[in-house]
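In: turn this into a model:
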Amino acid sequence: MEYTQGSGVNTVITVKRTVNDSMAWPNYTYSTIDGGRIPDEGHKADKGSLVLTLMGKYLDTLSPGSHTVQVSFTDGSADVTLNIKPKPVPKTGDKANPLLWLAMILLGLAGICANAAKRQKKQR
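Out: Numbers count the residues shown, from 1 in each chain. Model prediction:
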């Protein structure tokens, strides 16, 4: 799974049991990220196997990189790797080619120099 910092999008993890899936919700105890318990405001757990929603606001507090989410039950646990991508750098909209501008400046200077040389020749 992936999350991009600053997107504010909630991330949903659904845990299904291979045997007796209806017991996923009643046996759910807590969830952790990298061994630290996820605060109540950082997630929401619902029925439907077990649907764990990680809040975007909470995910924004994590550093970019790979994190292990562990969903714990009274009779076991499930691990998921969550990759936090860094916030993208905004585009400035500047698409100007600096070499083109440099060439135009040099051509302008060449024209000024040629004009100055021509005037100096006329004055002699």
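
In: which residues of this protein fall in strands?
Out: 2-4, 11-15, 28-33, 36-37, 43-47, 50-54, 65-73, 76-85 (DSSP state E).

In: any chance of the ones you listed in a markdown table, plus distance to N97, mean pLDDT and mean neighbour count?
Out: Where C-beta positions appear, they are placed from N, C-alpha and C, glycine not excepted. Below are the strands of the chain laid out as a markdown table (distance: least, Cβ to Cβ, whole Å; pLDDT from 0 to 100; neighbours: other Cβ atoms under 10 Å):
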| stretch | distance to N97 | mean pLDDT | mean neighbour count |
| --- | --- | --- | --- |
| strand 2-4 | 30 | 94 | 15 |
| strand 11-15 | 40 | 94 | 16 |
| strand 28-33 | 45 | 95 | 17 |
| strand 36-37 | 49 | 96 | 10 |
| strand 43-47 | 48 | 93 | 15 |
| strand 50-54 | 43 | 95 | 19 |
| strand 65-73 | 36 | 96 | 16 |
| strand 76-85 | 30 | 95 | 14 |
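
In: please produce TSV containing those, extended by distance to K122.
Out: Converted to TSV, these look like this (distance: least, Cβ to Cβ, whole Å):
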stretch	distance to K122
strand 2-4	66
strand 11-15	76
strand 28-33	80
strand 36-37	83
strand 43-47	83
strand 50-54	79
strand 65-73	71
strand 76-85	66
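
In: quick check: closest non-adjacent residue to A24.
Out: Of all residues not flanking A24 in the chain, L50 sits nearest, at 4.3 Å (Cβ to Cβ, 6 or more residues apart in numbering).
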